[in-house]
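[1] Next come a sequence and a model predicted from it.
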Amino acid sequence: LASWPHIRAVKAAVPVPCVANGNVPDAAAVDEALQFTGCDALMSGCGLLRNPMLFQPSVGNTVKDADDEWRRVVGLACEYIELAVVHWACYKQVSKHLLWMLDGHGFKRRAPELRDQAVRLSETTPLSALAAALKTTTKPANPSIASCASVYTA
């Protein structure tokens, strides 16, 4: 875990811009980290995987219900899959990241077989099939993810 007091001490000791990192699980922590550390910017890894809209909380506040939230997260997961294909991401990491992204939104309850497929993701699993299957878990269809499965060739 990041030590914000140590980050603040580094920021106070150096005359260059500093970027804080770590312990940013939600939008409230973004402001808290910047204020506490005095850093010029903030980066996040796991926090963004769990909540890809972490740095845009106003977008997250427009969610109407759990189904709306699920459609939004599936759309982001499809975008993540597209980037994973383009950048030849390690399947083990893709699996872990998708689970972080989707599990907090009822993935196991909404699509248990699909979640099991994501857990066992390997080079023999076509990511296009996973993206297409994810898209079918949304209701009603979300136009922003309609092309999700058609763009992947891996």
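    Received the coordinates, thanks.

[2] Could you give me the buried positions within the lengthiest helix in the chain?
    As assigned by DSSP state H, the longest helix anywhere in the chain is helix 66-86. Neighbour counts using 16 or more other C-beta atoms under 10 Å place 70-78, 80-82, 84-85 of helix 66-86 among the buried residues. Every residue, glycine included, has its C-beta placed from N, CA and C.

[3] Next one: the residue most central in space within the chain relative to residue 73, how far apart?
    Note on the chain: the residue nearest the mean C-alpha position is residue 49, at 2.9 Å, using C-alpha atoms, centre = their mean. Using C-beta to C-beta, to the nearest Å, we find residue 49 at a distance of 11 Å from residue 73.

[4] so what sits against both of those two?
    residue 101 (C-beta atoms under 8 Å, 6 or more residues apart in numbering).

[5] picking that back up, contacting residues for the closest residue to the residue nearest to the centre of the chain other than its chain neighbours?
    Closest residue to residue 49 apart from its sequence neighbours, by C-beta to C-beta, 6 or more residues apart in numbering: residue 100 at 4.5 Å. Counting by C-beta under 8 Å, 6+ apart, residue 100 touches 46, 49, 50.

[6] any weak-confidence spans in this structure?
    57-64, 140-154 (pLDDT under 70).

[7] could you pull out the strands for it?
    In the chain, the segments counted as strands under DSSP state E are 19-21, 41-43.

[8] Save those strands as TSV, and put in distance to residue 31 too.
    Below are the strands of the chain laid out as TSV (distance: least, C-beta to C-beta, whole Å):
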stretch	distance to residue 31
strand 19-21	12
strand 41-43	9
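
[9] Nearest to residue 55, out of those strands?
    Residue 55 lies closest to strand 41-43 among those, at 8.2 Å (C-beta to C-beta).

[10] other SSEs contacting the longest helix of the chain?
    helix 91-103, helix 127-135 (3 or more C-beta pairs under 8 Å, 6 or more residues apart in numbering; DSSP states H and E).
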